[in-house]
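Novice: Coordinates for the following, if possible.
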Amino acid sequence: MAGLDGDPPKISILLLGDAEVGKSMFLSRMTLGSRPTSSGATLPQLHDLEQPFVFDIKLYNRPYRFEFYDTASPTNYTLLQPQVIILCYDISDRASLTSLHTRWKHVVETHFNYDEMLPVIMLGLKRDLRREGVEGMVFPQEAIRIAQEMRCDKYCECSALTGELCKEVFEDVAKTAAMTTTEKGGKSEPPPCTIM
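Specialist: Sure thing, here's the model as predicted:
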């Protein structure tokens, strides 16, 4: 985690989810930082062999190096030891959300999260495609409920194509990732139990 000789801590972040849900476009959007893009502009193309995709940022007055991997990693992603996992689905494709629950959560529990201390974020992508009355759309209240059922630490959504909420998502991911370098760790506190 913490680098030698004052290097910033390196935090690996793994994006998991079905093909075509928008993981690569999300990472491509992140390379632009907070720079706006014109409506006709294309996002930079990322290549799988360039993984990890590295982001050097400053947060809480200290530098961090985030190394993002996705499931198209040129090496077997199950061999990675990420400090944060992001479960990604396509808001316009209900099957990709179901897959998080039936396939990807099992991958997390089997390969990465033995002691349940690894923070897991659920991320809805392609927010710009959400339409009322269209079959297969996933709305926030349902996704949040499923994220809670899966015991994810956070739920976020954005559109990498338009940039809507991408900055906020990156901030949430960065804060969670930075917390993994502390004694407390990046796992969110469970809500207190109350007896009624």
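Novice: Find the nearest non-adjacent residue to Pro82, please.
Specialist: Using Cβ to Cβ, 6 or more residues apart in numbering and skipping residues adjacent in sequence, the residue nearest Pro82 is Leu14, 3.9 Å away. (Glycine included, C-beta is placed from N, CA and C.)
Novice: Quick check: phi and psi at the residue most central in space within the chain.
Specialist: In the chain, the residue lying closest to the centroid (Cα atoms, centre = their mean) is Ile86, at 3.1 Å. When read as degrees, to the nearest 10, the backbone of Ile86 gives phi -120, psi 120.
Novice: which residues does it contact?
Specialist: Ile13, Leu14, Leu15, Leu16, Val120, Ile121, Met122, Leu123, Val173 (Cβ atoms under 8 Å, 6 or more residues apart in numbering).
Novice: Before we go further, the first one is sitting in a strand, right?
Specialist: In other words, Ile13. Yes: residue state for Ile13 (DSSP: H, G, I helix; E, B strand; the rest coil) corresponds to a strand.
Novice: That one: what's it in contact with?
Specialist: Neighbouring residues of Ile13 by Cβ under 8 Å, 6+ apart: Phe66, Glu67, Phe68, Tyr69, Pro82, Gln83, Val84, Ile85, Ile86, Val173, Ala177.
Novice: Need the per-residue pLDDT for the fifth one.
Specialist: Model confidence at Pro82, given as pLDDT, is 93.
Novice: Look up how far Gln148 lies from it.
Specialist: Distance check for Pro82 against Gln148: by Cβ to Cβ, to the nearest Å, it reads 22 Å.
Novice: Over to Gln81?
Specialist: 26 Å.
Novice: related to what we said a few turns ago, would you agree the residue nearest to Pro82 is in contact with Asp70?
Specialist: Yes: if you go by Cβ atoms under 8 Å, Leu14 and Asp70 touch, sitting 7.4 Å apart.
Novice: So which of these two has more stuff around it?
Specialist: Between Leu14 and Asp70, Leu14 has the larger neighbour count (other Cβ atoms under 10 Å), namely 25 against 22.
Novice: tell me which residues form a beta bridge with that one?
Specialist: The residues listed as beta-bridge partners of Leu14 by DSSP bridges are Tyr69, Ile85.
Novice: same question, Val120
Specialist: In this entry, Val120 is beta-bridged to Ile85, by DSSP bridges.
Novice: where do the strands sit along this protein?
Specialist: 10-16, 53-59, 62-70, 84-90, 120-125, 154-157 (DSSP state E).
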